[in-house]
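[1] Quick one: sequence and predicted model below, then my questions.
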Amino acid sequence: MELLPVLLMGLLVLLSSQTESEANDADVCGEATPGVLLSQDSSVNGLMVEKAAVNNDESFRCLLYSTKQLNCSWSFLTLHQDAHLSVIISICSEGTTIHSLNQSSVERVGSMSLTLSEHDTIEVILQFNITLHDNWTVYLYAYEVQDIEVLPPPRDVTASIKGGGVLVTWSKPTNMEDSGPWCFEYQLDMGNQGRLIHVITQLNYTEPNADPSHTYRVRMRTKITDTCIEKSHWSDWSHTATVERTDKLSLLLIISISLGLPMILLAVLLLVRHQRVYEVLFPPIPRPPQKYKGFLEKNETLNFFYPATSAEPVEEITEVEDTGRTL
């Protein structure tokens, strides 16, 4: 008799495990509704029920980028520490699973990524399986592809000063639905202390009263308007288009003239008033005398003869003999 409660308990655990396994392995592509959170747990005998809202502390989302990379992230901050969490991402097309990614054990805060080979008329279903002791809960949330698409930034962004204003032009980005230009909303950041400019439909914008002494750095991002898609996401910022100061060259020219012109005038004045300045700056090249030029050209040894010093004149002394005669 004592074995009966143990057998009954084991049977309940086995049935609970089988029900959880069936809920995890079932093809969810035909069950989920886009934009609706569904829940199933061990106490409802496998019935899927709709949740009214998603708790702010238990959030998740998926984003599909133009590189066909799908990224899904979650944050279950209120989840019990002993709870076991697993995540399954299912890619659906016409109610059938064409690709799935399963991680059997993940942290309460994390993310998963995969690259899609095709994303026409597909749905993404994010499934969370939470197990705590003998209880389990499954959450399902489905996304339509246009609701998770992140557009590339606007193309060919240029900026220039024209007609006293800064003219910014760009090209419409491409998206999966190939939406018309009226479905795109743009934000311009012109470096004006966080002031963002909103533009809808247009592919150009003019900032009036441009300051020619100011350098403008323009970047843009875009998303689908709420009138075309209920939920959309901003793209990354585009490259920065720079409009340089128009007086930069003239300022440099003024500085060059103010520094160079006095030096030129001073040099001319010195050349006019002091002709020797040229000789000091450019001394003449020494040249040999003309009489030695021939010897140098013939490579002959130079023999220099100096005349001997003339002897001093010798004084002749004539001795006169005294004869003693008296005239």
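    Great, that's in hand.
[2] Next, count neighbours for His214.
    14 (other C-beta atoms under 10 Å). Where C-beta positions appear, they are placed from N, C-alpha and C, glycine not excepted.
[3] Let me see the ranges of the strands in the stretch 201-327 of the chain.
    Under the criterion DSSP state E, counting those that start in this stretch, the stretch 201-327 of the chain carries strands at the ranges 204-207, 216-224, 241-243.
[4] Give me the sheet partners of the longest one and which way each runs.
    In the sheet containing strand 216-224, the strands it pairs with under DSSP bridges are strand 184-189 (antiparallel), strand 241-243 (antiparallel).
[5] export the ones you listed to TSV and tack on distance to Gln103, mean neighbour count and mean pLDDT?
    As requested, those are exported to TSV (distance: least, C-beta to C-beta, whole Å; neighbours: other C-beta atoms under 10 Å; pLDDT from 0 to 100):
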stretch	distance to Gln103	mean neighbour count	mean pLDDT
strand 184-189	35	20	93
strand 241-243	42	17	87
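[6] Let me have these in TSV, extended by distance to Glu31.
    Formatted as TSV, those follow (distance: least, C-beta to C-beta, whole Å):
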stretch	distance to Glu31
strand 184-189	34
strand 241-243	48
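[7] which one of the strands of the stretch 201-327 of the chain lies closest to Leu85?
    For Leu85, the closest of the strands of the stretch 201-327 of the chain is strand 216-224, at 31.5 Å, according to C-beta to C-beta.
[8] Please enumerate residues in contact with that closest one?
    With contact meaning C-beta atoms under 8 Å, 6 or more residues apart in numbering, strand 216-224 is reached by 146, 149, 151, 153-154, 157, 159, 166, 168, 170, 173, 175, 179, 183-191, 207, 210, 232-243.
[9] Can you tell me which of these end up in helices?
    In helices, defined here by DSSP state H, the members of the contacts of strand 216-224 are Gln146.
[10] filter the contacts of strand 216-224 to the buried ones?
    The neighbour-count criterion (16 or more other C-beta atoms under 10 Å) marks 146, 149, 151, 153-154, 157, 159, 166, 168, 170, 173, 175, 179, 183-190, 207, 210, 232-233, 235, 238, 241, 243 among the contacts of strand 216-224 as buried.
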